[in-house]
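Asker: When you get a sec, could you give me coordinates for this:
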Amino acid sequence: MKTRLIDTLQLTGQGIISIIGAGGKTSLMFRLAKELESFGKSVLTTTTTKIFMPTPDQSPFTIIDRSIDEFVKKSDVRLKSYLHFSAGAKYDLATGKLKGFAPDSIDQLWQASLFDWIIVEADGARQKPLKSTASHEPVVPKATTHLILVAGLDAIGKPFDETHVHRAKLFSKNTGLPLGGTMDEQSMATSIAIEIKKAGHLSHPSTNFVILNKADNPDKISSGQKIAQLLQTNKIIHQIIIASLIDEFPVKSCLILKK
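Answerer: Purely as a prediction, here's the structure:
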């Protein structure tokens, strides 16, 4: 399917995109930013948790300021030269990570009407393919209009342990999959349904998406299709996309559940 992600997601107009889950959130954030920028949209990429400092190929520069008022002033100047850049409240030199803004600060920033799109990495997964969220997660701004849950298909068939799943014990409790077992499509689908329902209650977005990432071969695409079929009666999810975000044309398959 030779389509851009923003076309598949129907990202027109303006909004706040909150990305949760695991297995490609950062890659998705910057890919969406580049696609939106190419269509003349002004885009801010940021986080409500922590991300590694964006590289030059991800973002031309990053504004670091705790004060939203000061950030708005700086952004107003930068937007005269750039359509896309990143921001955070603090940079931790020891970890190389950028600390983001509180959710209500993102809501406040949205009210300033500076950007067409604000894309927020609203969850942390310690670079693992899957995760279950603790009580304080995900960290989703209330003004979120589009919620995207990412899950890594590379976990399918792997041992179910903390190496492959962040908060594996909680995942086991939620899905019934015993620790030491093998990750399967049913367990992943069960977890996705739980997580997207939880996140939706935090923000009430207009659209909920699931991206099953790392569909890098026919077997992974088949696993993605099985998960999509297991979720096809879900009343919260609007669209399930099977993708490989490292590919030029990432979308492999798409199932629309709600319009």
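
Asker: and residue 26, what element?
Answerer: Under the criterion of DSSP states H and E, residue 26 resides in helix 25-38.

Asker: Strands along this structure, start to end?
Answerer: All strands of the chain, identified by DSSP state E, fall at 15-21, 43-47, 50-52, 62-64, 84-88, 90-92, 97-99, 117-121, 130-131, 146-152, 165-166, 207-213, 239-243, 251-256.

Asker: Wait, residue 87 touches residue 67, no?
Answerer: No. Contact status for residue 87 versus residue 67: not in contact, 11.5 Å apart, counting by CB atoms under 8 Å. To be clear about C-beta, it is placed using only N, CA and C from the backbone, and glycine gets the same treatment.

Asker: who's more crowded, the two?
Answerer: For residue 87 against residue 67, the residue with the higher neighbour count under other CB atoms under 10 Å is residue 87, and the figures read 25 against 11.

Asker: Mind listing the residues bridging to that one?
Answerer: Using DSSP bridges, the bridge partners assigned to residue 87 are residue 63.

Asker: Tell me, how many residues neighbour residue 179?
Answerer: Taking other CB under 10 Å as the definition, residue 179 ends up with a neighbour count of 13.

Asker: Looks like it contacts residue 172 (just checking).
Answerer: Yes. Between residue 179 and residue 172 there is a contact at 5.4 Å, judged by CB under 8 Å.

Asker: Find residues that contact each of those two.
Answerer: Residues touching both residue 179 and residue 172 by CB atoms under 8 Å, 6 or more residues apart in numbering: residue 160.

Asker: ok, back up a step: so can I have JSON lines of the strands of the chain showing distance to residue 232?
Answerer: Formatted as JSON lines, these follow (distance: least, CB to CB, whole Å):
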{"stretch": "strand 15-21", "distance to residue 232": "19"}
{"stretch": "strand 43-47", "distance to residue 232": "31"}
{"stretch": "strand 50-52", "distance to residue 232": "32"}
{"stretch": "strand 62-64", "distance to residue 232": "40"}
{"stretch": "strand 84-88", "distance to residue 232": "35"}
{"stretch": "strand 90-92", "distance to residue 232": "42"}
{"stretch": "strand 97-99", "distance to residue 232": "38"}
{"stretch": "strand 117-121", "distance to residue 232": "27"}
{"stretch": "strand 130-131", "distance to residue 232": "20"}
{"stretch": "strand 146-152", "distance to residue 232": "16"}
{"stretch": "strand 165-166", "distance to residue 232": "24"}
{"stretch": "strand 207-213", "distance to residue 232": "11"}
{"stretch": "strand 239-243", "distance to residue 232": "8"}
{"stretch": "strand 251-256", "distance to residue 232": "7"}
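
Asker: would you turn the ones you listed into CSV with mean pLDDT and distance to residue 198?
Answerer: Listed next are these as CSV, based on pLDDT from 0 to 100; distance: least, CB to CB, whole Å:
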stretch, mean pLDDT, distance to residue 198
strand 15-21, 97, 9
strand 43-47, 98, 19
strand 50-52, 94, 21
strand 62-64, 96, 30
strand 84-88, 97, 25
strand 90-92, 94, 27
strand 97-99, 95, 23
strand 117-121, 98, 17
strand 130-131, 94, 12
strand 146-152, 97, 10
strand 165-166, 94, 15
strand 207-213, 97, 12
strand 239-243, 97, 18
strand 251-256, 92, 22
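
Asker: Where is the longest helix in this structure?
Answerer: When the chain is parsed with DSSP state H, its longest helix is helix 185-203.

Asker: now for it, which elements pack on it?
Answerer: Here helix 185-203 touches strand 15-21, strand 146-152, helix 168-175, strand 207-213, helix 218-230, going by 3 or more CB pairs under 8 Å, 6 or more residues apart in numbering; DSSP states H and E.

Asker: same for the fourth one, what does it pack against?
Answerer: Under the contact criterion of 3+ CB pairs under 8 Å, 6+ apart, strand 207-213 touches helix 25-38, strand 146-152, helix 185-203, helix 218-230, strand 239-243.

Asker: Can you tell me which of the ones you listed is nearest to residue 17?
Answerer: Shortest distance between residue 17 and the helices and strands packed on strand 207-213, using CB to CB, is found for strand 146-152: 4.5 Å.
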